[in-house]
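In: Return a 3D structure for these sequence lines:
(chains A and B)
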Amino acid sequence: MPGKLKVKIVAGRHLPVMDRASDLTDAFVEVGARSCPSKHRERQVDDEDLQDEPLQITVLDHDTYSANDAIGKVYIDIDPLLYSEAATVISGWFPIYDTIHGIRGEINVVVKVDLFNDLNRFRQSSCGVKFFCTTSIPKCYRAVIIHGFVEELVVNEDPEYQWIDRIRTPRASNEARQRLISLMSGELQRKIGLKVLEMRGNAVVGYLQCFDLEGESGLVVRAIGTACTLDKLSSPATFLPACSSPSKDMKEIPFNEDPNPNTHSSGPSTPLKNQTYSFSPSKSYSRQSSSSDTDLSLTPKTGMGSGSAGKEGGPFKALLRQQTQSALEQREFPFFTLTAFPPGFLVHVGGVVSARSVKLLDRIHNPDEPETRDAWWAEIRQEIKSHAKALGCHAVVGYSESTSICEEVCILSASGTAAVLNPRFLQDGTVEGCLEQRLEENLPTGCGFCHIPYDELNMPFPAHLTYCYNCRKQKVPDVLFTTIDLPTDATVIGKGCLIQARLCRLKKKAQAEANATAISNLLPFMEYEVHTQLMNKLKLKGMNALFGLRIQITVGENMLMGLASATGVYLAALPTPGGIQIAGKTPNDGSYEQHISHMQKKINDTIAKNKELYEINPPEISEEIIGSPIPEPRQRSRLLRSQSESSDEVTELDLSHGKKDAFVLEIDDTDAMEDVHSLLTDVPPPSGFYSCNTEIMPGINNWTSEIQMFTSVRVIRLSSLNLTNQALNKNFNDLCENLLKSLYFKLRSMIPCCLCHVNFTVSLPEDELIQVTVTAVAITFDKNQALQTTKTHVEKSLQRASTDNEELLQFPLELCSDSLPSHPFPPAKEHLESASSNSGIPAAQRAVTVEKASPMGEGNFRNRSAPPCANSTVGVVKMTPLSFIPGAKITKYLGIINMFFIRETTSLREEGGVSGFLHAFIAEVFAMVRAHVAALGGNAVVSYIMKQCVFMENPNKNQAQCLINVSGDAVVFVRESDLEVVPTQQPAANCHPSCTEGEVTT
Amino acid sequence: MTSELDIFVGNTTLIDEDVYRLWLDGYSVSDAVALRVRSGILEQTGATAAVLQSDTMDHYRTFHMLERLLHAPPKLLHQLIFQIPPSRQALLIERYYAFDEAFVREVLGKKLSKGTKKDLDDISTKTGITLKSCRRQFDNFKRVFKVVEEMRGSLVDNIQQHFLLSDRLARDYAAIVFFANNRFETGKKKLQYLSFGDFAFCAELMIQNWTLGAVGEAPTDPDSQMDDMDMDLDKEFLQDLKELKVLVADKDLLDLHKSLVCTALRGKLGVFSEMEANFKNLSRGLVNVAAKLTHNKDVRDLFVDLVEKFVEPCRSDHWPLNDVRLFLNQYSASVHSLDGFRHQALWDRYMGTLRGCLLRLYHD
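Out: Residues are numbered from 1 along each chain as shown, chains lettered A, B, ... in the order given. Sure, this is the predicted structure:
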């Protein structure tokens, strides 16, 4: 499907002075895609090229006698123009970026694409596939079918390591690299798009693309995502504020299987020639009972815990269940990158499954056949799958993959949450209605997902089960670890908090195989320690479940770093966590004894304080009611400290040694002592502050609209003298704690507020350097908390209402979108109407839509066609790592933003040292993201993520280089208050306060 | 463990007003941290000194990056790198261009040249304002001067348009530019009692009445001195002022003038006798000031002359301000009744402004 690309350069401003003599710049522009710049205004290109390659605009300074000097470049991804619903034109000011000098002025560009075959444009070509970084079903869409996992990777040689790099300038090298990576990610996206089309989907949700800079051995770009068939909801206004539940607008999502009988034997994974190490200790903590509808099913089951049908469900339901299961089993990888789901989608959660593998990198000989890398990942995924199976689950949700590379060693990691998904998503609407009714009658809300999916008598690991504290019918584990967001219907007591486990381990410097072996040997200890820490900290907070768990293991020259972040909550369905007891080794020593009891007291005090702080006061339940078959009502596991120093010993992974009734910390060495200390030194955030790494903070639901997204980077240099594990741990711990303290201080003006989606990334750029990068968003909330108890009820009824409404609206809205294809915002009146009476007559609503939309369309048009110079101030573009904007409605998704930048300097001192350099660069990256979003007509980026921030410095040479990769979804949002007050209000970007307009337009 | 790199970048640029003030005042990071510690912020927030240090560094870096843009405020509005709400942008600009009274008194009327810049050291020592802050303020004056120097139209409007300052601040800058351009002497010891506000007030009156731009309708000859309409005094007007000399040179006229004023003010002034005794001296002083304004040197000494010839004599006789007002009103008005005097309009243009200035200058 060929197309016509029209590019218009409108104006430039703030250009640097290129000619010192005259203080002027003779700027001109080259426009092109691929490496053949063309000076024609119009070029004919294939849409495949359009997808792969960004539009490249080079701004140069004309020199009569010497070669023209480059001022900088603008890369514009024109993908969003290739699907019909997104932007129709890209128009606005773009920063002119140079890899050596940063942003140098701005250029105003208008880009349009006319695809010749206009009619069928998004069914036939991969052009039509929409990509979303958001890990839930995007707000103004409805999932018709969730097809499942898609993955792809492409490899290439890294231009930085090619021979030519020795003779070309740093600028040429950087630009070659930037271009190659954007080409590769374009290609990757197109290939994934094709896979999605094969699966008959039309969108990829939870799209995660990563770069592996493997150095000498090449460059890998890989991506995973969840293929879906989405339907645009033209009336997103019918739903509740997005902030209270990001995914509830998808009520009925038929869960269809892709029919590929691509059966894989899930046998034990075969080790490759390199050390392969995989490990999933988390499953020993987190567990589930069999399905919700089995009451005390004692039937032994093999392998799949969810295989048995419940009594209430009847044979019909059993059939459904089996269908789901078999369909999922047929699938190669039943993985979902989503972290939030339509209500009812998730039946049970088994626990975290993870796998890691250490590989030695070798040169990629044939870039067109990236088999080795493919095989590596396939192996890991296979392992994840089998872990999930062992937990009695047939699917993995909240799935993600990552790598850590140091020299030629690479750790591949994958993790997710084993889960049982609802069989009713297999069937179409007719059956669903009655089934849904039944389910909702039977299922107590807010605890179903906690019930164990595996068979109690045939548990995959020793576990302590109790009856659910909520419904008292099903079994639940004592703690639950997951990688997903807190389900919206979960009943939580009190508030949540960010829990981090931090760990460093020294490692001898070694080469190749020996190095890989050393790392493989260390990994189990690290995992174990990280989990111990998480467990301890969770208990200390008086909580019983972790969500959004992300464990990152980073490999460096002489150490390994582990950082686990999660959001702890108190789930009402799970038992109250027991306290922590300290046991000394030498009981006869009086002073020691005293010391121990002192510590014990401190710990107890901390737990009590935390319970108060996070408002955890579960209702007292008399133990007879629970009537557990297990004699101990309060499950406690004894935790034995591993002999972390002795690497030759096999780790004891069984965490439930014996059936002792207390969670005991045994202080047998100074190391342990310090651990206890570090437990107590974790300072809680100052009052008015909360933090979590999930989308929403449990227990807070009255967000106000002020948000502040930020990135903070810290690098510390370790004193190289006699580094011990303890010293290292302390340094790392201090680094993270200080960083958090700094954030609290900086954002103090926003109190009361919550840091959401706190994302820590650790890297070890050099021997003695530790780099921590944090991206998060601070959201203010109203101190007068809304009562949560009533919320669930209201929500439920509204959900049902919205479902009805949605069904009614499907027909008229299709018509609407035909007649008004460019109508970007839902008319507010309709919103009001449908909110008040959701059973409106479709025809009437349609009339309203058309009527209200036309002035809007005009307004929008006027805005677009206005001379860009007249826009006095720069429109505000919000950025957030969350999938929603508090107090606002996302009305349109404009396409994925995926940008890769390199910045280099040879005058580090002059630019304010490393801090000045990186500060400016990150600010520039934000600016370029905002400019692109604004040019697409958007006013926010959601699901924003900085996937990579690789910083290298050479202070002796006064040089530094940094690579940053960011992505997110460009959207248009409308403030809820605007919607209600002024129906035809334009989006915030357009009605941005322009107090200085008069002064500037002159 | 040493921190190599430590940055915080928000999508919306964080501006801490207190730190901004410290930065503008030219404190180094360590001084600023010390001052912040003293302000009790650590106790309020429970932060540590290290956190404060890191925070201050961050803000200083941001301000440093913003400074380039603040040199041309419209750029700050259009730039894409820092997302700053308009109200904050205005605050940044306003504070950046704000100046210290003590400093401006030192450089007011001086040529904004490299030579003066070299004296900033002394000014800094004298006023206790950090050298860095002095440099910023001086550079601001100079920058505004350079930009509006060659421009036509209202000085205040030009400044407001190119520097997006508030009305108040733009007026102050207009005064500074006007004084710098005309090099009025303000540093003499006898002028020390005057504040910047006094001078700014006079400058505004002079800009309104004594410059080319003040004439109102455009000059007939478009090529004639169309430039610098608000910056330079109307040369023709200054030439014409010589004509006023007749008021003191012609003895009859002077006597008539005196008797007119005395008749009108008899019984109304507390210092009538002093006025009567001094009338000729005062009148001679005021008219001679006018007549001398053709020479650049005398223009520069305008304020010195006014204080010497009028303010000081009156003050030594302890005239109350109200008596000065009554006298000046009557003094200017009586000229209209002098039949032999033909330059009524010229007199009004001169005396109208001068009266305002003198009243403002007349205080202790």
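
In: got any ranges where the stretch 201-350 of chain B has weak pLDDT?
Out: B:214-229 (pLDDT under 70).

In: how about the helices in it?
Out: B:235-240, B:246-249, B:251-265, B:272-292, B:296-300, B:302-306, B:312-316, B:321-334, B:344-361 (DSSP state H, counting those that start in this stretch).

In: Give me the distance from the third one to the chain's centre.
Out: Distance of helix B:251-265 from its chain centroid, counting by Cα atoms, centre = their mean, to the nearest Å, is 36 Å.

In: same check, this time on the shortest one
Out: Relative to the mean C-alpha coordinate of its chain, helix B:246-249 is positioned 32 Å out (Cα atoms, centre = their mean).

In: in that helix, what counts as buried?
Out: Across helix B:246-249, burial judged by 16 or more other Cβ atoms under 10 Å in any protein chain shown covers B:246, B:247, B:248. (Glycine included, C-beta is placed from N, CA and C.)

In: The first one: what's its closest spatial neighbour, skipping adjacent residues?
Out: The one in question is residue B:246. residue B:253 (6.3 Å; Cβ to Cβ, 6 or more residues apart in numbering or on different chains).

In: now swap in residue A:63 and tell me
Out: Closest to residue A:63 by Cβ to Cβ, 6+ apart is residue A:69, at 6.4 Å.

In: which stretch among the helices of the stretch 201-350 of chain B comes nearest residue A:741?
Out: Across these, residue A:741 has its closest neighbour in helix B:344-361 (54.1 Å, Cβ to Cβ).

In: Give me the helices and strands touching that closest one, please.
Out: Identification of packing neighbours for helix B:344-361 by 3 or more Cβ pairs under 8 Å, 6 or more residues apart in numbering or on different chains; DSSP states H and E yields helix B:196-210, helix B:235-240, helix B:272-292, helix B:302-306, helix B:321-334.

In: Please enumerate residues in contact with that helix?
Out: Contacts of helix B:344-361 with the rest of the structure, by Cβ atoms under 8 Å, 6 or more residues apart in numbering or on different chains, involve B:194, B:198, B:201-202, B:205-206, B:208-210, B:237, B:240-241, B:243-244, B:286, B:289-290, B:303, B:306-307, B:310-311, B:321, B:324-325, B:328-329, B:331-332, B:335-336, B:341.

In: now it against helix B:196-210, angle please.
Out: Relative orientation of helix B:344-361 and helix B:196-210, computed by axes from the mean of the first three to the mean of the last three Cα atoms, to 10 degrees: 170 degrees.

In: buried subset of the contacts of helix B:344-361?
Out: Using 16+ other Cβ under 10 Å, the buried members of the contacts of helix B:344-361 are B:194, B:198, B:201-202, B:205-206, B:209-210, B:237, B:240-241, B:244, B:286, B:289-290, B:303, B:306-307, B:310-311, B:324, B:328-329, B:331-332, B:335, B:341.

In: quick one, helices of the stretch 351-500 of chain A?
Out: With DSSP H, counting those that start in this stretch as the criterion, the stretch 351-500 of chain A has helices spanning A:371-390, A:429-442.

In: quick one on the thing from earlier: identify, out of the helices of the stretch 201-350 of chain B, the most deeply packed stretch.
Out: Among the helices of the stretch 201-350 of chain B, helix B:302-306 has the highest mean neighbour count (mean count of other Cβ atoms under 10 Å in any protein chain shown), at a mean of 21.

In: And the residue in the stretch 101-250 of chain B that chain A sits nearest to, how far from residue B:153?
Out: In the stretch 101-250 of chain B, the residue that lies nearest chain A is residue B:161 (5.6 Å; Cβ to the nearest Cβ). To residue B:153, residue B:161 is 9 Å away according to Cβ to Cβ, to the nearest Å.

In: Those two: which has the busier surroundings?
Out: residue B:161 (21 against 12; other Cβ atoms under 10 Å in any protein chain shown).

In: okay, residue A:840: pLDDT?
Out: Looking at residue A:840, its pLDDT stands at 37.

In: which of the residues in stretch A:97-114 are buried?
Out: Neighbour count says stretch A:97-114 has A:97-113 buried, by 16+ other Cβ under 10 Å.

In: do it and chain B meet?
Out: Yes: on the criterion Cβ under 8 Å from any Cβ of the partner chain, stretch A:97-114 is in touch with chain B at A:103, A:106.

In: So residue A:701: helix, strand or coil?
Out: Assigned with DSSP: H, G, I helix; E, B strand; the rest coil, residue A:701 falls in the coil class.

In: Quick check: neighbours shared by residue B:161 and residue B:153?
Out: In contact with both residue B:161 and residue B:153: no residue, using Cβ under 8 Å, 6+ apart.

In: need the contact list for residue A:879.
Out: Per Cβ under 8 Å, 6+ apart, neighbours of residue A:879: A:709, A:926, A:929, A:930, A:940, A:941, A:944, A:968, B:11.

In: Do you have the strands of the stretch 601-750 of chain A handy? List them.
Out: A:663-667, A:689-691, A:703-717 (DSSP state E, counting those that start in this stretch).

In: quick one on the thing from earlier: was I right to think the residue nearest to residue A:63 contacts residue A:59?
Out: No: under the criterion of Cβ atoms under 8 Å, residue A:69 makes no contact with residue A:59, lying 10.1 Å away.

In: Tell me which of the two has more neighbours.
Out: residue A:59 (24 against 13).

In: beta partners for the more buried one?
Out: residue A:29, residue A:72 (DSSP bridges).

In: All good on my end, thank you.
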